[in-house]
Structure formats: structure tokens, C-alpha cells
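> everything below, folded, please.
(chains A and B)
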Amino acid sequence: GDSVTQMEGPVTLSEEAFLTINCTYTATGYPSLFWYVQYPGEGLQLLLKATKADDKGSNKGFEATYRKETTSFHLEKGSVQVSDSAVYFCALSDPRGSGTYKYIFGTGTRLKVLA
Amino acid sequence: DVKVTQSSRYLVKRTGEKVFLECVQDMDHENMFWYRQDPGLGLRLIYFSYDVKMKEKGDIPEGYSVSREKKERFSLILESASTNQTSMYLCASTVTGDANTIYFGEGSWLTVV
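Residues are numbered from 1 along each chain as shown, chains lettered A, B, ... in the order given. As a prediction, the model looks like this:
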């Protein structure tokens, strides 16, 4: 079945460091890929998405490129800030064959940025 | 802005109690979901609904039921709460179609004692 695997955290970085959070997936079809972020005490919110191979999603300085050949969607940011401290979830959506879609989430990676 | 509202942020219930978690969305979304979030396990789908009165089991439906009598409201029911149901519960909604954003509520922290 479909699945999403992301690197275990926590990831601790100093402010202005480069961030990479790895995400790989398995899917039977051609899924759309997402990164969601969860700030402390809140629900998840969409950070960025990509719908086909080689698409790059970007938002708030974060980027991720849909790599079909490596089945990956790694999240990157060139210079993190303390305010980026959160839990990041990689996810995919794939058709279920009945007109509806299934959504699969990774286990989440906690990022802590130190001033 | 899309709003998914969960009725209770924090609840403490006793073992064996019947628990209702309510969720309302204001964007006329067809699809609604209930997840539970546990450390190290991420989000696990309990139930989802793609239309009024329609429901399907997710990955961990045991011990839970749901109700969707109106399009905007999706309720999660714990028939007889147990301590292993202590968790964060997240409601979400989206329109039908590929690559659509899922909108989440802020979550309900349930402790069963």
C-alpha cells in the first residue's frame, strides 16, 4: 500500500543554518505530494505542494521538488529562523478509484531552531 | 478563510464513559476526516466521510464510531472510553479532487483516566 517515510527527529539547528528534512514515498499511482507544518498547540496547515514529477513547491522560503525517479520530496530551507520551530509532516494524496482520494501522512519531524 | 472548528480543546473523561467530539467546517467541503495523533506514530486515520450520511473506516476504527447528519458537521464517538484512547484528535476537511489542501482543526486533547 501507499506509504510515506520521513526522517526521524528531532532536528536541532542554529538560526540561519540550512535545513533538509528527507521524505520518500511509495504509491501505486501518481500521487500529489505535500508538506504540512504544525506549530505548537495548533492543527496542521499546508506549507507547500507539488502535483507532478519535477514540480517544485515553495512557500515562506521552504522548497521541495517532486522527484519521481527517487520517489522523494525533501524539504529544504536556506536559512532557518527560531519561528520555524515546529513539526513538519510529509504527505501524499492518491486516488482511491471511487472518485475520492486517500491521504497518507508521515510520522512527522520535529524541528527546533536555537537563537 | 476556511475554518474547521473542534468543539473542545481539552477533555478529561473516565474509563467507560461515552465521549463525543464535534467538528464543524464552514466551507461546504464534501470530505471530512478524523485522525488521532500520537508521538512517534504521526497521524492515523480513524474514519472519513465523503458525503452526508456516508462514512468509511480508516486504519484504526476499532472503539470509535462517527456520525455525519449534516454536511458541515462530523462527530467522532468513543462508545466506551479506554485509557489507550488518550490522544490528540484532529478533524480535517477538503473538497473532492486531486491535490486539494486539507484543512485541519486545532485538535482536541483527550485524557481518559
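> and for residue 53, the neighbour number?
Chain wasn't specified; assuming chain A. Neighbourhood size, residue A:53 [other C-beta atoms under 10 Å in any protein chain shown]: 11. Heads up, the C-betas are built off the backbone N, CA and C, glycines and all.
> think we crossed wires, I meant chain B
Neighbours of residue B:53 using other C-beta under 10 Å come to 10.
> same check, this time on the one 3 residues further on
Look at residue B:56: counted by other C-beta under 10 Å, it has 15 neighbours.
> the closest residue to it other than its chain neighbours: neighbour count?
Leaving aside its sequence neighbours, residue B:56 sits nearest to residue B:48 (C-beta to C-beta, 6 or more residues apart in numbering or on different chains; 5.7 Å). Counted by other C-beta under 10 Å, the residues lying close to residue B:48 total 24.
> and for residue A:102?
18.
> any stretches of the chain with poor pLDDT?
Going with chain A. A:98 (pLDDT under 70).
> wrong one, chain B
Short version for chain B, where the test is pLDDT under 70: B:1, B:98.
> for it, what spans make up the strands?
Here chain B has its strands, by DSSP state E, at B:4-6, B:10-13, B:19-21, B:23-25, B:31-38, B:42-49, B:56-57, B:64-70, B:73-78, B:87-94, B:103-104, B:108-112.
> any chance of the ones you listed in CSV, with distance to residue A:20 too?
Formatted as CSV, the strands of chain B follow (distance: least, C-beta to C-beta, whole Å):
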stretch, distance to residue A:20
strand B:4-6, 31
strand B:10-13, 35
strand B:19-21, 36
strand B:23-25, 34
strand B:31-38, 24
strand B:42-49, 19
strand B:56-57, 36
strand B:64-70, 37
strand B:73-78, 36
strand B:87-94, 26
strand B:103-104, 25
strand B:108-112, 31
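> out of those strands, nearest to residue A:13?
Closest of those to residue A:13 is strand B:42-49, at 21.5 Å (criterion: C-beta to C-beta).
> which strands or helices does the closest one pack on?
In terms of contacts (3 or more C-beta pairs under 8 Å, 6 or more residues apart in numbering or on different chains; DSSP states H and E), strand B:42-49 is packed against strand A:101-105, strand B:31-38, strand B:56-57, strand B:64-70, strand B:73-78.
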